[in-house]
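curious how this folds, go ahead:
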Amino acid sequence: MQENIVVDFPLRGEWKFLKPPGHHPYAFDFMKVSKDQKSYSNRNFLSYIFGRTPAENFYSWSKPILAPIDGVVIQASDGWVDNKNVNLANTLIIWFKATFLFRPKTDGSKIDIRPNVGNYVMIQSESGVVAFMAHMRRGSVKVAAGQRVIIGQIVGEVGNSGNTTAPHLHLNLFDQVNDLLQAKVLPIAFRHYERWHNGSWETVQNSVPKKGEIIRVQAMSV
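Predicted coordinates:
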């Protein structure tokens, strides 16, 4: 069994660790939560069910995404439009399409994954591991292919582009991206974070959160 590859957590603040149905076991989603850890947006739940919640009303929206590894940007894509509104009906439709109907299309000799992942960044480490971050906000990608980045460098912002049910960050590791149809998703762990457990924060190292767990990495003081 392959050991987890340890990376830095790419967000700051408090986030909920999600593993939606249909996701690969090593593909993770994160949504920012309110101070009381009970909601994802400043709109009430009825607005989500019967109305529309604008993407910018979610706490995740436009939050900085940091490089989880040192390496070179091998792909970066921007310009895909964000889904402006979120509601229950759209969520169910998008989830079904992304899980069961999505088939990547080719763009010349390259697979076009943008309809599913939206705006994204891929960073390759010296060992060859590729960190993949998706659903970034349109116009927020701050790096370009060929650029070298270091851990903690801002590479973009959380958005709602592609097949998303709400603004969030998708993160996983690939063994290679020369042939995405054959790429393997690698086991991942985070070097350092805190988890909310039994009413207080506990420090965790080199580990993976449990589904539904609230975790945080606090912003560094300037």
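
low-confidence ranges in the protein?
1, 45-51, 88, 95, 97-109, 220-222 (pLDDT under 70).

so how far is the helix or strand where His135 lies off the chain centroid?
For His135, the enclosing helix or strand under DSSP states H and E is strand 130-136. In terms of CA atoms, centre = their mean, to the nearest Å, the centre of strand 130-136 is found 6 Å from the chain centre.

could you give the number of residues near the closest residue to Gln205 other than its chain neighbours?
Nearest residue to Gln205, sequence neighbours excluded (CB to CB, 6 or more residues apart in numbering): His192, at 5.4 Å. Where you see a C-beta, it was placed from the backbone N, CA and C, and this is true even at glycine. Neighbours of His192 under the rule other CB atoms under 10 Å: 13.

hey, C-alpha coordinates of the helix or strand where His192 lies in CSV?
Counting by DSSP H and E, the element that carries His192 is strand 188-197. Provided in CSV are the C-alpha atoms of strand 188-197 (Å, rounded to 0.1, in the frame of the first residue of the first chain):
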residue,chain,number,x,y,z
ILE,A,188,-2.4,12.6,0.3
ALA,A,189,-2.0,13.9,3.8
PHE,A,190,-1.5,17.4,5.3
ARG,A,191,1.7,18.4,7.1
HIS,A,192,0.0,20.5,9.8
TYR,A,193,-3.5,21.7,10.7
GLU,A,194,-5.9,21.9,13.6
ARG,A,195,-9.2,20.0,13.9
TRP,A,196,-12.2,20.9,16.0
HIS,A,197,-12.8,18.0,18.4
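
next structured bit after it?
strand 200-207.

what's the next helix or strand after that following strand packed up against?
On the C-terminal side of strand 200-207, the nearest following helix or strand under DSSP H and E is strand 214-217. Where contact means 3 or more CB pairs under 8 Å, 6 or more residues apart in numbering; DSSP states H and E, strand 214-217 is packed against strand 13-18, strand 188-197.

please identify the deepest-packed of those strands.
Most buried of the helices and strands packed on strand 214-217 by mean neighbour count (mean count of other CB atoms under 10 Å) is strand 13-18; its value is a mean of 20.

quick one: strands adjacent to that strand?
If you go by DSSP bridges, strand 13-18 pairs up with strand 28-32 (antiparallel), strand 214-217 (antiparallel).

between those strands, which gets nearest to Ala89?
For the strands paired with strand 13-18, the distance to Ala89 is smallest for strand 28-32, at 19.2 Å, taking CB to CB.
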